[in-house]
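From the sequence below, what's the structure:
(one chain, ligands or ions: 1)
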Amino acid sequence: MSVNVFSYADSQDVANSVAKYIINVQDKVLSSNSSSTFKIAISGGSLGKVLKKGLIDNTTNFDKIQWEKWEVFFSDERLVPLHDEDSNYGLFYEMVLKNLELKNVKLGSVHTINENLLKKDGSTDSQIANEYAKILPPSIDLILLGCGPDGHTCSLFPNHPLLTERSKLIANISNSPKPPPRRITFTFPVLEAAHNIAFVAEGAGKAPILQKIFSKEKSGLPCELVNQLNVSVNWFVNDEAINGVSVNASKY
Ligand SMILES: O=C1O[C@H](COP(=O)(O)O)[C@@H](O)[C@H](O)[C@H]1O
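I've put the predicted structure just below:
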């Protein structure tokens, strides 16, 4: 399927076009008779600020979001308490949910890890992953992903055995090369069942890895493997991130 790249000089324009895209997918999903909720998966890292800029600070976009119909999942989660500074839910809370509370707006539902199961020794991590897998729908309408400087996405890292995991929808990892080490993550079966996937990547620091991901030579990097799925994949980047990358970028 198609891989599109949309690039802008300015970060605010990246955030606005990500927001416009989210709203378009949301509207399409909710206007079809088959769905009463919009199922969206969120990542951590730099995506949090982009969502705040595009969906909260931009009040025109804010008003177009049907918040009460959103069902939010996390493409990966760090195995720390939900309000820890490393938690992807915690980041989403700070950037989005807290602002909804201030405006008295209710979000449909947010599917977090079961915090009560967390144990310091990690002995229940696989149980946390299994429980999260049970609440996943057969397919997610839109998965928003980041791209780490090493080409990882979700908590799927380069050359890691989880890249070929087919039997579990959610897997736990205890040796993440990026801290914190204990995490759970979507596996490829969840990504390939999605209706739409979008990456957000910004900054000159991302250019070297994007050059590899979009090179004709296969790298096997996790983000490149996502580009090869039979799913519509859209990249929202700033110009610095695709400096020297062989892609035809356009505007969304
Ligand atoms: O550790 C993580 O990193 C990736 C990429 O983050 P970014 O800050 O480079 O955009 C993120 O997508 C993932 O959810 C997170 O757990």
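
Assign the closest residue to the ligand within the stretch 151-252 of the chain to helix, strand or coil.
Going by C-beta to the nearest ligand atom, the ligand is nearest to K178 of the stretch 151-252 of the chain, at 5.0 Å. C-betas here are computed from N, CA, C, even on glycine. Of the three states, K178 takes coil according to DSSP: H, G, I helix; E, B strand; the rest coil.

For P189, see how far away L136 is.
According to C-beta to C-beta, to the nearest Å, L136 stands 10 Å off from P189.

actually M95, not the one I typed
For M95 relative to P189 (C-beta to C-beta), the value is 28 Å.

Between those two, point out the one with more neighbours.
Of the pair M95 and P189, M95 is the one with more neighbours under other C-beta atoms under 10 Å, namely 19 against 13.

coming back round to it: identify the residue spatially nearest to the residue of the stretch 151-252 of the chain closest to the ligand, adjacent ones excluded.
Nearest non-adjacent residue to K178, counting by C-beta to C-beta, 6 or more residues apart in numbering: G148, 6.7 Å away.

Contacts only, for that neighbour.
45, 178, 209 (C-beta atoms under 8 Å, 6 or more residues apart in numbering).

Would you reformat those residues as JSON lines and include neighbour count?
Formatted as JSON lines, the contacts of G148 follow (neighbours: other C-beta atoms under 10 Å):
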{"residue": "G45", "neighbour count": "18"}
{"residue": "K178", "neighbour count": "14"}
{"residue": "I209", "neighbour count": "23"}
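
Those residues into TSV, with extra columns for distance to D239?
Below are the contacts of G148 laid out as TSV (distance: C-beta to C-beta, whole Å):
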residue	distance to D239
G45	20
K178	26
I209	16
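
picking that back up, anything in contact with each of L136 and P189?
Residues within reach of L136 and of P189 at once, by C-beta under 8 Å, 6+ apart, are L169.

re earlier: let me see the confidence value for the residue of the stretch 151-252 of the chain closest to the ligand.
Listed pLDDT for K178 reads 96.

send the alpha carbons of the longest helix seen in the chain over as PDB?
In the chain, assigned by DSSP state H, the helix with the most residues is helix 11-31. Below are the C-alpha coordinates for helix 11-31, written out as PDB (Å, rounded to 0.1, in the frame of the first residue of the first chain):
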ATOM      1  CA  SER A  11       6.800  22.600  13.700                       C
ATOM      2  CA  GLN A  12       3.400  24.300  14.100                       C
ATOM      3  CA  ASP A  13       2.600  23.300  10.500                       C
ATOM      4  CA  VAL A  14       3.600  19.700  11.200                       C
ATOM      5  CA  ALA A  15       1.300  19.700  14.300                       C
ATOM      6  CA  ASN A  16      -1.600  21.200  12.400                       C
ATOM      7  CA  SER A  17      -1.300  18.800   9.500                       C
ATOM      8  CA  VAL A  18      -1.100  15.800  11.900                       C
ATOM      9  CA  ALA A  19      -4.300  17.200  13.600                       C
ATOM     10  CA  LYS A  20      -6.000  17.700  10.200                       C
ATOM     11  CA  TYR A  21      -5.200  14.100   9.200                       C
ATOM     12  CA  ILE A  22      -6.400  12.700  12.600                       C
ATOM     13  CA  ILE A  23      -9.700  14.700  12.200                       C
ATOM     14  CA  ASN A  24     -10.200  13.400   8.700                       C
ATOM     15  CA  VAL A  25      -9.700   9.800   9.700                       C
ATOM     16  CA  GLN A  26     -11.900  10.300  12.800                       C
ATOM     17  CA  ASP A  27     -14.700  11.800  10.700                       C
ATOM     18  CA  LYS A  28     -14.500   9.000   8.100                       C
ATOM     19  CA  VAL A  29     -14.600   6.300  10.800                       C
ATOM     20  CA  LEU A  30     -17.500   7.900  12.800                       C
ATOM     21  CA  SER A  31     -19.600   8.600   9.700                       C
END
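
Sweet, I'm off.
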